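Visitor: Output the structure for:
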Amino acid sequence: MQPTFSGEQLRARTFRSMGTVVSLTVASGTSAQTGVDELQSAVDVVGEIFTQLDLTFSLYREGSEASRLARGELTLAYASEPMQELYAVASEWRVETEGAFTAERPDGALDLSGIVKAHAMREAALSLGALGLHNWCLNAGGDVLVSGSPEPVDSGFDEPNPWQAGIVDPFDRRKLLSTYRLSASAERGVRALATSGSAERGEHIWTVGAVRPEFVQVSVAAQDIVTADVLATAIVAGGPQTLDHAVEKWGVDVLAVGRTGTLLATPGFRSAG
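Guide: Now for the predicted structure:
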């Protein structure tokens, strides 16, 4: 997923974390130097959040707490509070999605990678608000979380322009399959768009049962990035039944791409582009 921008006062920085590229774009009406300093401070804060969570939850780091749990050197009962808390959140989502989303791999090992990136983004949003930043876009490996607008307006009578996220075609990564306008209204607050699937990273999602996933890519738009990310993964794993359940229960917008290129889209996505 790629964000598209049109504002003149947009500044962006990128860094690598959790095996992907993370970018923060901030819309600023201040002077050029103040905007640069403001953005760098924000990136430092966001980068530290991602780094610390990666040090704890990465299964690619031999010494991480997650790796120690996977090797049986540590049990969940003696794990850190952040590990236990995120496991509890993942367990709640397993119940809510009727098993379509799970933090347990088929071999029984605990793997919270399906939720930790979205958790990092949500924590970053809280920190950006504490820094006094209200117009920004955070993109972590194609999952997008925004606040405010890329072109803030001065008048309270004008509706600010929305951020727009582009969803890449899983069969041709050079093309956009669709775009989605992320709400910029004060009433609706922060908006999120997450995409999961096998088109870019291969068959890495555990499906419900032994069947091959029916969808190669699923994008979900929701108010909360954890909700969007978890449900996108759950729909890939659970198929059309989970898609219907997610739309009915959470009222999210969904765009699902089938293996033959067929599209299933909720009304919000059909009118979004």
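
Visitor: Trp136 is in contact with Val26, correct?
Guide: Yes - Val26 is within contact range of Trp136, at 4.8 Å (criterion: C-beta atoms under 8 Å). C-beta coordinates here come from the backbone N, C-alpha and C atoms, glycine included.

Visitor: Please identify every residue contacting each of the two.
Guide: With contacts defined as C-beta atoms under 8 Å, 6 or more residues apart in numbering, the residues shared by Val26 and Trp136 are Ala42.

Visitor: With neighbour numbers in mind, choose between those two.
Guide: Of the pair Val26 and Trp136, Trp136 is the one with more neighbours under other C-beta atoms under 10 Å, namely 29 against 26.

Visitor: By mean pLDDT, flag the weakest helix or strand of this protein.
Guide: Least confident element among the helices and strands of the chain, by mean pLDDT, DSSP states H and E: strand 2-4 (a mean of 49).

Visitor: Which positions within whichever helix or strand comes after it qualify as buried?
Guide: Reading on from strand 2-4 to the C-terminus, the next helix or strand found by DSSP states H and E is strand 10-17. Residues of strand 10-17 classed as buried under the neighbour-count rule (16 or more other C-beta atoms under 10 Å) are 10-11, 13, 17.

Visitor: Output the residues you listed as CSV; include the columns pLDDT and distance to Ala79.
Guide: What follows is those, written out as CSV (pLDDT from 0 to 100; distance: C-beta to C-beta, whole Å):
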residue, pLDDT, distance to Ala79
Leu10, 84, 40
Arg11, 90, 39
Arg13, 94, 33
Ser17, 96, 22
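
Visitor: tell me which of those is nearest to Ala265?
Guide: Here the nearest of the buried residues of strand 10-17 to Ala265, counting by C-beta to C-beta, is Leu10; it sits at 28.7 Å.

Visitor: so what's the closest one bridging to?
Guide: Applying DSSP bridges to Leu10 yields these beta-bridge partners: Ala27.

Visitor: show me what contacts it?
Guide: Taking C-beta under 8 Å, 6+ apart as the contact definition, Leu10 lies against 25-27, 150.

Visitor: packing partners for the longest helix seen in the chain?
Guide: As assigned by DSSP state H, the longest helix anywhere in the chain is helix 32-57. For helix 32-57, the packing partners by 3 or more C-beta pairs under 8 Å, 6 or more residues apart in numbering; DSSP states H and E come out as strand 10-17, strand 20-27, helix 65-70, helix 81-96, helix 113-130, strand 136-140.

Visitor: Show me the one of these that comes nearest Gln241.
Guide: Distance to Gln241, taken as C-beta to C-beta, is lowest for helix 81-96 among these, at 14.3 Å.

Visitor: so the closest one versus helix 32-57, what angle?
Guide: Angle between the axes of helix 81-96 and helix 32-57 is 80 degrees (criterion: axes from the mean of the first three to the mean of the last three C-alpha atoms, to 10 degrees).

Visitor: gap between the nearest residue to Val43 once chain neighbours are set aside and Cys137?
Guide: On the basis of C-beta to C-beta, 6 or more residues apart in numbering, the spatially nearest residue to Val43 that is not a chain neighbour turns out to be Arg13, at 4.4 Å. Using C-beta to C-beta, to the nearest Å, Arg13 is found at 12 Å from Cys137.

Visitor: quick one: the helices in the stretch 101-250 of the chain?
Guide: For the stretch 101-250 of the chain, the helices defined by DSSP state H, counting those that start in this stretch cover 113-130, 225-238, 240-250.

Visitor: Run a quick neighbour tally on Gly251.
Guide: Counted with other C-beta under 10 Å, the burial measure for Gly251 works out to 11 neighbours.

Visitor: Tell me which residues touch the residue nearest to Leu69 when sequence neighbours are not counted, please.
Guide: Nearest non-adjacent residue to Leu69, counting by C-beta to C-beta, 6+ apart: Leu110, 5.4 Å away. Leu110 is in contact with 66, 69-70, 76, 87, 103-104, counting by C-beta under 8 Å, 6+ apart.
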